[in-house]
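[1] here you go, sequence then predicted model.
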Amino acid sequence: MAREALAADVARFRRDGFLAGVRILDKDDAAAHRARMAEAETAFCPLHYQAKVYTILRSPLELATHPRVLDLVKALIGPNVLLWNATYIVKEPQTSAFVSWHQDLAYWGLDGDDQVSMWLALSPARGENGCMRMVPGSHRSGRRGHRTTRDDDNVLYQGQTVEHVDESTAVACELDPGQASFHHGWTLHSSLPNVSDQRRIGFNAQYIATHMRQTQHDRDTALLVCGVDDYGHFGKDTPAESDLDPDAVERQRELDRMVRETMGYR
């Protein structure tokens with residue numbers, strides 16, 4: 001990424017709390033990664049919200065460590081970066097699943113905000129199939145109060161919801177396959193149901209600076225993807241060397257349970 005373009009992206013991220021439409025893959029590469037995901041679902045199980053999929057599949061590891069991604073992540077949070085989690089987020093066609101207005105860092109248990117999330121489209125993300133919506137500048141207000149809800153259609157683990165959001169200011173982050181959005185952990189975001197006839201498939205990766213800590217327990221893990229880790233606050237995830245190795249799958253099941261516990265799965 002050219003230095004001038006990278007500086008402009010960083011400035012926009014600092015101002016708005018997110019970036020959208022960042023080209024990471026061309027459409028053929030995006031289609032290839034989508035096909036690999038479909039093959040894994042056939043062999044394994046539905047991958048929606050399966051945590052730390054880079055420990056059992058090579059495709060998500062390639063996406064999370066793509067040079068264009070890491071160049072931007074390093075510019076945003078510094079040279080020493082951990083991949084804390086990564087998962088596929090899928091909305092099936094003609095379903096009522098939605099994501100309420102929330103802030104990621106409000107329920108991840110991390111002790112700071114040197115963090116950024118990437119959402120990479122593997123299928124078109126449009127208003128009709130429930131693309132993400134962001135409130136520009138909302139990250140600058142810090143943590144907002146969240147109310148726990150009990151709506152089975154809410155994808156979030158706790159149904160956590162920020163109320164009284166001025167939705168007239170929200171921006172729809174429509175993406176073509178291979179494009180990504182990046183957002184700060186305090187940025188208010190949400191998404192509506194998929195009323196289209198097509199799956200909405202995204203790959204979500206969450207990056208933190210190495211100095212960050214998990215405050216809820218001492219079992220959290222991560223994978224160093226840039227620089228050095230002089231802190232050792234997290235256990236070390238083992239990256240996938242092949243797809244769906246049985247030992248790796250067994251470890252991932254435990255990691256998935258740990259992540260769900262950390263994020264307050266109910």
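    In hand now; what should we look at? Residues are numbered from 1 along each chain as shown.
[2] C-alpha only now, for contacts and for neighbours.
    OK.
[3] tell me the SS of Arg15?
    State at Arg15, reduced to three classes by DSSP: H, G, I helix; E, B strand; the rest coil: helix.
[4] got it, and Asp151?
    Asp151 - assigned by three-state DSSP - is coil.
[5] now do the strands in the stretch 1-150 of the chain.
    18-23, 81-91, 99-102, 115-121, 132-134 (DSSP state E, counting those that start in this stretch).
[6] so what are the sheet partners of the last one and their directions?
    What that stands for is strand 132-134. Looking at strand 132-134 with DSSP bridges, its partner strands are strand 171-172 (antiparallel), strand 189-191 (antiparallel).
[7] what's next to it, contact-wise?
    Phe18, Ala170, Val171, Ala172, Cys173, Glu174, Thr187, Leu188, His189, Ser190, Ser191, Leu192 (CA atoms under 8 Å, 6 or more residues apart in numbering).
[8] could you identify the buried members of those?
    Phe18, Ala170, Ala172, Cys173, Glu174, Thr187, Leu188, His189, Ser190, Ser191, Leu192 (16 or more other CA atoms under 10 Å).
[9] the third one touches Gly127, doesn't it?
    When you say that, I think you mean Ala172. Yes. Contact status for Ala172 versus Gly127: in contact at 7.0 Å, counting by CA atoms under 8 Å.
[10] go through the strands of the stretch 1-150 of the chain and pick out the most buried.
    When those are scored by mean count of other CA atoms under 10 Å, the highest mean neighbour count falls to strand 115-121 (a mean of 25).
[11] who are the packing partners of it?
    helix 67-77, strand 179-183, strand 200-209 (3 or more CA pairs under 8 Å, 6 or more residues apart in numbering; DSSP states H and E).
[12] what angle separates that strand from strand 200-209?
    Counting by axes from the mean of the first three to the mean of the last three CA atoms, to 10 degrees, strand 115-121 lies at 160 degrees to strand 200-209.
[13] quick one, strand 115-121 and strand 81-91 angle?
    Using the same axes, to 10 degrees: strand 115-121 against strand 81-91 is 40 degrees.
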